[in-house]
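S.K.: Give me the fold of what follows.
(one chain, ligands or ions: 2)
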Amino acid sequence: MGFPCNSSSFSLLSLLVVLLLVGLSSQSPSVKETVGYDFICRKTANLDLCLEIFESDPRSAVADVKGLAQIADDACEASANQTLKTLGLLINSTMSSPILKERFETCVRYYDIVIANLDMAKRLLASPKYTSALDYSQVAKNYIDDCDALFQSSPISAKPAELEKVTKKSLDLVLIFRVILDVFLR
Ligand SMILES: *[C@@H]1O[C@H](CO)[C@@H](O)[C@H](O)[C@H]1NC(C)=O
Ligand SMILES: *[C@@H]1O[C@H](CO)[C@@H](O)[C@H](O)[C@H]1NC(C)=O
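M.R.: Ligands and ions are numbered 1, 2, ... in the order given. Prediction:
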């Protein structure tokens, strides 16, 4: 009994090969994949923080631009988590005035939304619709700004230094993330 290599199974095989090749080539879209993080970081407003997140993550060595965006997204989320933790401590502190406590609680709601949007951006980065991650990073940035703005509204209450430190880092990181998406992944 001969091997069933008639013309229809041969054309099926060629079709599979073509599909495989198309599949492989569509995995390399027209993004600038060879850009290193040091080049990217020089386009951001906080060079030191940018270098720090990539140098402290072993994935950076082999990451393409999308991989670097994912690393930046993780750093944004870790920072937003840190901000939530600081807010929790401040809410529980007997030192906080009722007006400040209310603002901290509003910030907790905003930072939950920040994290949800960063999560969505991360999911999109792993999908063919990766360019839409930029929109979610914008929403994340808006809610970080909204938390900051609460401390500029009347009556003006000073933002505690420990909160200023973590919210500034959250904002700087989301701006770095947005440079990667906006300049290098479009
Ligand atoms: C942030 O905190 C959430 C819940 O506590 C956790 O599931 C998530 O892994 C944390 N993310 C990072 C990047 O640390
Ligand atoms: C704040 O207090 C609540 C209730 O006592 C507690 O569940 C929570 O873990 C505390 N949060 C922090 C960040 O200490």
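S.K.: Show me what residue of the chain gets nearest to ligand 2.
M.R.: In the chain, the residue that lies nearest ligand 2 is G88 (3.0 Å; Cβ to the nearest ligand atom). Where C-beta positions appear, they are placed from N, C-alpha and C, glycine not excepted.
S.K.: what about that residue, which SS state?
M.R.: helix (DSSP: H, G, I helix; E, B strand; the rest coil).
S.K.: burial measure for the closest residue to K159 other than its chain neighbours, as a count.
M.R.: Distance criterion Cβ to Cβ, 6 or more residues apart in numbering; nearest residue to K159, sequence neighbours excluded, is F151 at 4.1 Å. Other residues lying near F151 total 17 when counted by other Cβ atoms under 10 Å.
S.K.: could we number from 45 for the rest of this?
M.R.: In the new numbering, first residue 45, that becomes F195.
S.K.: all helices for this protein, in order.
M.R.: Remark: helices assigned in the chain by DSSP state H are 51-70, 81-85, 91-99, 109-136, 142-169, 177-194, 205-223.
S.K.: Quick one: distance of the second one to the chain centre.
M.R.: What it means is helix 81-85. Centroid separation for helix 81-85 versus its chain: 16 Å, with Cα atoms, centre = their mean, to the nearest Å.
S.K.: Give me the helices and strands touching it, please.
M.R.: Judged by 3 or more Cβ pairs under 8 Å, 6 or more residues apart in numbering; DSSP states H and E, helix 81-85 is in contact with helix 91-99, helix 109-136.
S.K.: Would you point to the one among the ones you listed that's packed deepest?
M.R.: helix 109-136 (a mean of 20; mean count of other Cβ atoms under 10 Å).
S.K.: what angle sits between that one and helix 142-169?
M.R.: Computed by axes from the mean of the first three to the mean of the last three Cα atoms, to 10 degrees, the angle separating helix 109-136 from helix 142-169 equals 160 degrees.
S.K.: So is helix 109-136 next to ligand 1?
M.R.: Yes. Helix 109-136 comes into contact with ligand 1 (Cβ under 6 Å from any ligand atom), by way of 118, 121-122, 125.
S.K.: Determine the number of other residues adjacent to P142.
M.R.: Burial measure for P142: 7 neighbouring residues, criterion other Cβ under 10 Å.
S.K.: Now for the residue of the chain closest to ligand 2: which residues touch it?
M.R.: Counting by Cβ atoms under 8 Å, 6 or more residues apart in numbering, G132 makes contact with V152.
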